[in-house]
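Student: here's my sequence, what's the structure:
(one chain, ligands or ions: 1)
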Amino acid sequence: MNIIHTISALRQQVAHYKHDGKIIAFVPTMGNLHQGHLQLVAMALSEADIVICSIFVNPLQFGEGEDFEQYPRTLEADAEKLKQAACDIVFAPSADEMYPQSDADGWDQTQVIVPGISEILDGASRPGHFTGVATIVAKFFNIVQPDKAVFGEKDYQQLQVIKQLVKALCFPVEILSHAIVREASGLAMSSRNGFLSNEQKQQAAGIYKILHSTEQQILDGRRDYALLEQKAAEFLNQQGFVVDYVQIRAADLSPPIEQTKNLVVLAAASLGSTRLIDNRQISL
Ligand code: PAF
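Tutor: Model (predicted):
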């Protein structure tokens, strides 16, 4: 496995793969890898000849006062895990490589905005977050030129933003997604779980419990979504969370109507200073 830090070196390697007719799958990450990421890599391996994984803590997707500085940087351990997982290339650029100062030249950096879907739910609470995600993913797609890219379904809204980005900007990339990987307690695996104490980790499983219970109630025929959202938020408050939202939406994140068959129930809530998100997809 190669670890590459520059765009030019990666482009050279990609050109060889393309010349040899290899199918490339890309797994973008911010590192501090866990089993969830490794399953994305396994899916990529099953879908392509070559797997390229990026590790880059993208400053553009963090808002002021968020955890950019604290976000764990564990490149050596991550590279070892990716080697064991049979990843071919790790792309680990510096911030200057991805956002060169000279580009500024008095002008702001070019950014990619995916309107509408970027402004609701997490986008409403974290203004600019999805513009940061869309911008870095668009840059990666242009550098890596993957045939396929794999994203986790824990970041459900991010996945919808990426699908919209690919459609709108005609990227020739097939977007694949992998189901949420959970701890035995039900807690969705996340790099941010490392910020939680053992006690908070037990508490954090409350998000999964209430999403699962809400899902069951919908499957049992309840359609009073506003009340279900309110009850779920109350439960989380009682469990010590500060709730950002619990929302029941159509699969495309529009508000559901009675006849909507594919739903998703999403929650974002903080325990201490750690913001957690999770969701359950429901087919009626
Ligand atoms: O999901 C993530 O880890 C990040 O948002 C991504 C897609 C790697 C972009 O920085």
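Student: quick one: average confidence on stretch 73-83?
Tutor: Stretch 73-83 shows an average pLDDT of 98 in the prediction.
Student: same thing with stretch 150-159?
Tutor: For stretch 150-159, the per-residue pLDDT averages 98.
Student: swap in stretch 99-116?
Tutor: Averaging pLDDT along stretch 99-116 gives 79.
Student: and stretch 69-84, is it in reach of the ligand?
Tutor: No - applying C-beta under 6 Å from any ligand atom, one finds stretch 69-84 out of contact with the ligand, separated by at least 10.1 Å. Yep, even glycine has a C-beta here, placed from its N, CA and C like the rest.
Student: what's in contact with that stretch?
Tutor: For stretch 69-84, contacts defined as C-beta atoms under 8 Å, 6 or more residues apart in numbering pick out 1, 3, 29-33, 38, 41, 53, 55, 57, 62, 90, 92, 191, 194-195.
Student: now stretch 114-134
Tutor: For stretch 114-134, using C-beta under 8 Å, 6+ apart, the contacting residues are 58-63, 66, 111-113, 157-158, 160-162, 164-165, 168, 244-245, 247, 249, 253, 266, 268, 277.
Student: let's see it at 6 Å
Tutor: Residues from elsewhere that reach stretch 114-134, judged by C-beta atoms under 6 Å, 6 or more residues apart in numbering: 60-61, 63, 111-113, 157-158, 160-161, 164-165, 244.
Student: so which of those residues is the closest to residue 21?
Tutor: Set against residue 21, the nearest of these by C-beta to C-beta is residue 165 (26.7 Å).
Student: quick one: contacts for residue 171?
Tutor: Counting by C-beta under 6 Å, 6+ apart, residue 171 touches residue 141.
Student: ok, back up a step: could you tell me which of the contacts of stretch 114-134 belong to helices?
Tutor: Members of the contacts of stretch 114-134 lying in helices (criterion: DSSP state H): 157, 158, 160, 161, 164, 165.
Student: name the nearest of these relative to the ligand.
Tutor: Within those, proximity to the ligand (C-beta to the nearest ligand atom) peaks at residue 158, which comes in at 5.8 Å.
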